[in-house]
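Got a predicted structure plus its sequence, pasted below:
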There are 4 protein chains.
Amino acid sequence: MTQVRTDLAVEAHEIAKSAGNLSGVESTEETTGHVKLTRVKVLDERGEQAIGKPVGTYVTVEVPGLDDTEGETFLEAVETVGKELAAMLQEMRGEVLVAGLGNAEMTPDAIGPRSVQNVLVTRHVAGELSQISGMEGTRGVAAIAPGVLGQTGVEAGEILKALVMKIRPVAVIAVDALASRRAARLGNTIQIADTGIIPGSGVGNARFAVNKDSLGVPVIALGIPTVVDAATLAVDLIEDAGFHADEGAREKIRRSACPNDTPMFVTPRFIDLIVEHAARLTGFAINRALNPSIAYDDMVAMLA
Amino acid sequence: MTQVRTDLAVEAHEIAKSAGNLSGVESTEETTGHVKLTRVKVLDERGEQAIGKPVGTYVTVEVPGLDDTEGETFLEAVETVGKELAAMLQEMRGEVLVAGLGNAEMTPDAIGPRSVQNVLVTRHVAGELSQISGMEGTRGVAAIAPGVLGQTGVEAGEILKALVMKIRPVAVIAVDALASRRAARLGNTIQIADTGIIPGSGVGNARFAVNKDSLGVPVIALGIPTVVDAATLAVDLIEDAGFHADEGAREKIRRSACPNDTPMFVTPRFIDLIVEHAARLTGFAINRALNPSIAYDDMVAMLA
Amino acid sequence: MTQVRTDLAVEAHEIAKSAGNLSGVESTEETTGHVKLTRVKVLDERGEQAIGKPVGTYVTVEVPGLDDTEGETFLEAVETVGKELAAMLQEMRGEVLVAGLGNAEMTPDAIGPRSVQNVLVTRHVAGELSQISGMEGTRGVAAIAPGVLGQTGVEAGEILKALVMKIRPVAVIAVDALASRRAARLGNTIQIADTGIIPGSGVGNARFAVNKDSLGVPVIALGIPTVVDAATLAVDLIEDAGFHADEGAREKIRRSACPNDTPMFVTPRFIDLIVEHAARLTGFAINRALNPSIAYDDMVAMLA
Amino acid sequence: MTQVRTDLAVEAHEIAKSAGNLSGVESTEETTGHVKLTRVKVLDERGEQAIGKPVGTYVTVEVPGLDDTEGETFLEAVETVGKELAAMLQEMRGEVLVAGLGNAEMTPDAIGPRSVQNVLVTRHVAGELSQISGMEGTRGVAAIAPGVLGQTGVEAGEILKALVMKIRPVAVIAVDALASRRAARLGNTIQIADTGIIPGSGVGNARFAVNKDSLGVPVIALGIPTVVDAATLAVDLIEDAGFHADEGAREKIRRSACPNDTPMFVTPRFIDLIVEHAARLTGFAINRALNPSIAYDDMVAMLA
């Protein structure tokens, strides 16, 4: 079967469902306020086969729009993502390393590095913060944007592995931009997975994994889709318009969207705004998960 | 007929041609080195009807790729665009105002403002430069990035009109990002037109014109496509794949690509690089056209 | 007398006072909360002679530090500056143009352009905003960062004059970076003056004025010092240390601080932070003055 | 003795010389073209005492001004610094790690991170480049900007140590902004030292060392002064003006320049330009030293 390019388990699940194969996969949905939450669990090898993702839990948070970063919807999204992150970290006490994957100089790929700028870094001051009233038990947080291979000559995963061996966090939270199959999801879907991440996997560029196997500590992946491949976009628009594209047709369209065998990924015209808002959402949610004793307003003030 | 969204006369011409209606339009092509040049002339009202662009000359320069800004192809492109610009300015002596249209904070829209940073501004020092050996007869060049309505509260065209009335240039060169119907053109096609420009027209957002009628002096438009509308992209991919989409089908696809009646425009994942290179190309070509007595290397040094 | 380079009336007043000449000048001080307010009025020609500033009112707001942009001190500063601005605009109803003077690419000079990014621009939507509940009577606000002569080839004042003639605001608020004589003031002093401004005057670079005479409408100047000239800094440090520098000594020091006859201006190592905070303060205060019916939180959300 | 804050051995040498104590220190000067070269060798413990720098070789390259990055002086500076770097690396073959120390978001501190953007990173493609004609024997180069403690929660030196243990380079080149005692040196002096570096040492902020002891491989430090402490500036201006400041006076001035016991560092108004030029110079010189077989023009094109 021709693969639809997506990094979202919720989309892979949708595709597998339409193909009638969901063995080894569980899924539930709930909606609270403006936020829709879907949990997809890949239980075993059959599930891995069915949806093409490793065993683990994938939580998808969908919000109707992140038009500003001050409104009620934004706060709901921050709290929901924070809660899910916290749930995945439940039993792990101790320092956490936040890794902002991607290329800061390429806007659609910059969510990771920019998220890090919204993370409260406390590892070097956790003791002092804990002494200050109201910040009892501050968790140590380190954060790094390791860059991409073309910038550093070193795989992001290798840099992270080196750093993990040095500072020994209990877990890594890795933030990355994802590819979605649906343009409508760009910028308003957040995926939280306890499986780690393979940087660039969504854009046909698989690399050194960032997961428990490679780093030696649990890796929670936090991803937001910012690109969609043009062929998938075309096929979806055709089908949304009520036409049917069979496998042969899809394959032809896919080829016509791959000049020089490189799939063409596109991103919305408003990508700068999308990235800014998503990075703020991601960073804030991480802070809520890691140091909930720091009040929301104090967090905002500390980052200003 | 459902309109295909394009700001490029060469594409409008292609569409009209396939519809068999080219009355009032002339077109020639030539290729030199790596550069392909197409001249489309809209001669009269019939031509305006046929291709939906005002009477005037539209020169399109296509280069195979602008992967770097130092190589031979880049230089060829600079010289070709510069020569065409100079030809359109032929009889006009005196100061020129360069206007970088668009929103500097939205990457796909930032070509105009960033081009201005590559323009040699000489209006305030033209006299002194003329006295320095080798720069005899330096032309005065002013440059402004007037911003967009949402940033300033004033139409870019109004700001330009005010400035034109104040400094009285012989012509305006207006640089803007365009919409193309073909993703393959993004970042490697430059259109030079003696008709001026309507900012935002390519993205369904028509505004105060920037042309001779509105400003009172000739306006040469220099545009580079950076976005493509998703529906057109889908239809083209379908047809590239060998299928036929009739008018009804196209219309349905178009509607499915317009959530909330807003057409969705997309841009390549590498848009930051495209904009950087295009802005350098555009700025350099303007310098070559306006002050050819300043040697290429000196120009580069003066801008460093 | 060797001139001490300062753009602050409060410093010029201090100097004149120590020289025993304060005819034609009135001055009052008050402190509320964390904020110290000094009003210097230059009443007539004698006052102009005494402190070297044109007739008018200069209000200086001093805050102990602008370490973050969320705390109580920041809010006090915003409200105080907003109230003083509003007082100067008291009788003027109608549209206002905000002008962010200076060079956005030179950090210590970028307060003006960055302030504009924190201004709520409403001129193009004032009617619609007024209809929305709670925003009755929204004032039209336009905003522009005209750049500097070296970037545009046109004096900022000329661009503003052209624009004023076009859109006919009732007043202009001009924001600019200033030179102070005391490093301790950098980034935490704001001067509000009803006299307009001469861009670059503080750094020995006088230009086309931006005042009522040149623009034809009242100009309120809002300035924040970001640079100090090295000679003045040296003399002040000497005197703070308890030594006396007579006029001859000062002159010698001044010359030693002017390699190639260009006075050397310096700025603190943390200038990026200072500029970011000052631009936010300035923009917010302007919003409070021009559209007080928009609640603080709504303003923050609209700018996010 | 009150310490004069300087990171430059050439200045420490000057001070020691005026104090008549140069035991254990050797120094030579030469001038070629526009470039002045001073070599200071600290031979032993007496030398360390005399000038307050560890045993090693400190080469200082002074150029009259780095006003542009295309002119002859710039090229001379690149080649000179490149040659000196190459000399220090002479016997070391194999991969090199370039570390851009400092805070990218604080302009005067950003030379390190921005230098890295001008470094040709080849570690991941060295094999392929070697096969392409003319690039025989390309040396593998990795590059990282590890950020500062406040951004990451981890000392830059710790991140580097982790990475060095992982990728095992033969040497590290560490680029950093320095403090000078003379404003006139800012931006046009480059120090190359085989001793490594202690980040922040010049600004009274000593940290985890980046040297052979801490990293386990030789560290060549490449530094450019961008800040000067205000007290030293004042004392120098006084003495340049022909006055004498004895130790007591200096101490008083120093105290008056340390509000809240934090020494005040200042930087020139044109710091953005200085940093841009210095980062280009440093990056280019590193490329010339590490991969001299890549022609200058090809290097510029590869970085465009």
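Yep, it's here.

List the residues that contact residue A:39.
A:26, A:27, A:28, A:29, A:57, A:58, A:59, A:60 (C-beta atoms under 8 Å, 6 or more residues apart in numbering or on different chains). C-beta coordinates here come from the backbone N, C-alpha and C atoms, glycine included.

Let's have those in a markdown table, adding distance to chain D and secondary structure.
Formatted as a markdown table, the contacts of residue A:39 follow (distance: C-beta to the nearest C-beta, whole Å; DSSP: H, G, I helix; E, B strand; the rest coil):
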| residue | distance to chain D | secondary structure |
| --- | --- | --- |
| A:26 | 37 | strand |
| A:27 | 37 | strand |
| A:28 | 36 | strand |
| A:29 | 37 | strand |
| A:57 | 28 | strand |
| A:58 | 28 | strand |
| A:59 | 27 | strand |
| A:60 | 30 | strand |
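
In CSV: those, plus pLDDT, neighbour count and distance to residue D:132.
Shown next, in CSV, are the contacts of residue A:39 (pLDDT from 0 to 100; neighbours: other C-beta atoms under 10 Å in any protein chain shown; distance: C-beta to C-beta, whole Å):
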residue, pLDDT, neighbour count, distance to residue D:132
A:26, 94, 13, 52
A:27, 94, 18, 50
A:28, 95, 9, 54
A:29, 95, 12, 53
A:57, 96, 18, 46
A:58, 97, 25, 43
A:59, 97, 23, 47
A:60, 96, 23, 45
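
Out of these, which comes closest to chain C?
residue A:60 (24.5 Å; C-beta to the nearest C-beta).

Quick check: mean pLDDT of stretch A:175-184?
Across stretch A:175-184, pLDDT averages out at 90.

hmm, I was thinking of stretch A:213-229
95.

Give me the distance from it to the chain's centre.
What separates the centre of stretch A:213-229 from the centre of its chain is 6 Å, taken as C-alpha atoms, centre = their mean, to the nearest Å.

What of stretch A:282-300?
18 Å.

What are the boundaries of the strands in the stretch 1-150 of chain A?
Using DSSP state E, counting those that start in this stretch, the strands of the stretch 1-150 of chain A run over A:25-32, A:35-42, A:56-62, A:96-100, A:141-144.

returning to what we had before: can you add distance to residue B:173 and give the contacts of residue A:39 back as JSON lines?
What follows is these, written out as JSON lines (distance: C-beta to C-beta, whole Å):
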{"residue": "A:26", "distance to residue B:173": "61"}
{"residue": "A:27", "distance to residue B:173": "57"}
{"residue": "A:28", "distance to residue B:173": "59"}
{"residue": "A:29", "distance to residue B:173": "55"}
{"residue": "A:57", "distance to residue B:173": "57"}
{"residue": "A:58", "distance to residue B:173": "52"}
{"residue": "A:59", "distance to residue B:173": "52"}
{"residue": "A:60", "distance to residue B:173": "48"}
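
Out of those, which comes closest to chain B?
residue A:60 (19.5 Å).

does residue A:44 really touch residue A:51, like I thought?
No - counting by C-beta atoms under 8 Å, residue A:44 stays clear of residue A:51, with 11.9 Å between them.

the more surrounded of the two?
Neighbour tally, residue A:44 and residue A:51, criterion other C-beta atoms under 10 Å in any protein chain shown: the higher count belongs to residue A:51, 26 against 12.

So residue A:112 sits against residue A:99, correct?
Yes - the pair residue A:112 / residue A:99 is scored as a contact, 7.4 Å apart, by C-beta under 8 Å.

between these two, what contacts are shared?
Shared contacts of residue A:112 and residue A:99, defined by C-beta under 8 Å, 6+ apart, are found at A:145, A:174, A:175.

which ones among those residues come in contact with chain D?
Under the cut-off given by C-beta under 8 Å from any C-beta of the partner chain, chain D has residue A:145 from the shared contacts of residue A:112 and residue A:99 close to it.

Need the shared contacts of residue A:112 and residue A:99 in TSV (columns: distance to chain C and neighbour count).
As requested, the shared contacts of residue A:112 and residue A:99 are exported to TSV (distance: C-beta to the nearest C-beta, whole Å; neighbours: other C-beta atoms under 10 Å in any protein chain shown):
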residue	distance to chain C	neighbour count
A:145	18	26
A:174	26	26
A:175	20	32
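
which parts of the stretch 201-304 of chain A sit against chain B?
Counting by C-beta under 8 Å from any C-beta, the residues of the stretch 201-304 of chain A near chain B are A:203, A:227-228, A:230-231, A:233-234, A:237-238, A:240-243, A:249, A:252-253, A:255-257, A:259, A:264-273.

Select only the buried ones of those in PyMOL?
To isolate the buried subset of these in PyMOL, counting by 16 or more other C-beta atoms under 10 Å in any protein chain shown, use the following:
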select buried, chain A and resi 203+227+228+230+231+233+234+237+238+240+241+243+249+252+253+256+257+264+265+266+267+268+269+270+271+272+273
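
tell me the mean pLDDT over stretch A:264-281?
92.

Just the CA atoms of it, as PDB, please.
Extracted in PDB, the C-alpha atoms of stretch A:264-281 (Å, rounded to 0.1, in the frame of the first residue of the first chain):
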ATOM      1  CA  MET A 264       7.000  18.300  -1.900                       C
ATOM      2  CA  PHE A 265       5.900  19.500   1.600                       C
ATOM      3  CA  VAL A 266       3.900  22.600   1.900                       C
ATOM      4  CA  THR A 267       2.900  24.800   4.800                       C
ATOM      5  CA  PRO A 268       0.300  27.500   5.200                       C
ATOM      6  CA  ARG A 269       0.900  31.100   4.300                       C
ATOM      7  CA  PHE A 270       0.500  32.100   8.000                       C
ATOM      8  CA  ILE A 271       3.200  29.700   9.200                       C
ATOM      9  CA  ASP A 272       5.100  32.300  11.200                       C
ATOM     10  CA  LEU A 273       2.000  32.900  13.400                       C
ATOM     11  CA  ILE A 274       1.300  29.200  13.700                       C
ATOM     12  CA  VAL A 275       4.800  28.500  14.900                       C
ATOM     13  CA  GLU A 276       4.900  31.400  17.400                       C
ATOM     14  CA  HIS A 277       1.600  30.200  19.000                       C
ATOM     15  CA  ALA A 278       2.400  26.600  19.000                       C
ATOM     16  CA  ALA A 279       5.800  27.200  20.600                       C
ATOM     17  CA  ARG A 280       4.200  29.200  23.300                       C
ATOM     18  CA  LEU A 281       1.600  26.500  23.900                       C
END
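
what sits against residue A:122?
Contacts of residue A:122 by C-beta under 8 Å, 6+ apart are A:129, A:138, A:139, A:140, A:141, A:291, D:153.

Just the buried ones from those?
A:129, A:138, A:139, A:140, A:141, A:291, D:153.

For beta bridges, what are the partners of the most centrally placed residue in chain A?
Residue closest to the average C-alpha location in chain A (C-alpha atoms, centre = their mean): residue A:223, at 0.8 Å. Note on residue A:223: beta-bridge partners by DSSP bridges are residue A:176, residue A:191.

Am I right that it is in contact with residue A:176?
Yes - using C-beta under 8 Å, residue A:223 is in contact with residue A:176, at 5.1 Å.

between those two, what contacts are shared?
Taking C-beta under 8 Å, 6+ apart as the criterion, residue A:223 and residue A:176 both touch residue A:197.

next helix or strand past the lengthiest helix in chain A?
What stands out as the longest helix in chain A, according to DSSP state H, is helix A:271-290. Downstream of helix A:271-290, the next assigned helix or strand under DSSP states H and E is helix A:296-303.

For stretch A:36-56, could you pull out the residues that count as buried?
For stretch A:36-56, by 16+ other C-beta under 10 Å, it's A:36-42, A:47-48, A:50-54, A:56.
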